[in-house]
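Asker: let me see the structure of the following:
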Amino acid sequence: EVQLVESGGGLVQPGGSLRLSCAASGFTFGSYVMSWVRQAPGKGPEWVSAISSGGGLTYYVDSVKGRFTISRDDAKETVYLQMNNLRSEDTAVYFCNAERVDFAVTTYWGQGTQVTVSS
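Answerer: Okay, here's the model as predicted:
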């Protein structure tokens, strides 16, 4: 059974930090691009960051560059999102995504973890 389980969300004050984790199982984690996607209340999904299989390449939406860092530990089958200097506009449910493209596109999603930035 494929599972992506996010953790690490919570309530934090502006300027604070959180580290999200996404533990994967049931598929060949190392061969998948891993991403974080967020959805704020009343808004559509927004792709936040991605890391290539092997971890050599990382990508970020402009609004989080310099504040968020994505990383992966293939031995632990886990992807992380370190979030620093959090802002109120970062408030959202954060979802973990795994995707592989070969003859077809295979995509898996986690259930999400809530991040609330508020004083």
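
Asker: residue 81 touches residue 9, doesn't it?
Answerer: No. Contact between residue 81 and residue 9 fails when scored by CB atoms under 8 Å: they sit 10.2 Å apart. Every residue, glycine included, has its C-beta placed from N, CA and C.

Asker: list the buried residues in whatever helix or strand residue 81 lives in.
Answerer: Applying DSSP states H and E as the criterion places residue 81 in strand 78-83. The neighbour-count check on strand 78-83 (16 or more other CB atoms under 10 Å) flags 78, 79, 80, 81, 83 as buried.

Asker: which residues does the most centrally placed residue in the chain bridge with?
Answerer: Among the residues of the chain, the one closest to the centroid is residue 36, at 2.6 Å (CA atoms, centre = their mean). Beta-bridge partners recorded for residue 36 (DSSP bridges): residue 49, residue 96.

Asker: didn't it look like it was pressed against residue 19?
Answerer: No. Taking contacts as CB under 8 Å, residue 36 lies outside contact range of residue 19: 11.7 Å.

Asker: overlap in contacts, those two.
Answerer: Residues touching both residue 36 and residue 19 (CB atoms under 8 Å, 6 or more residues apart in numbering) are residue 81.
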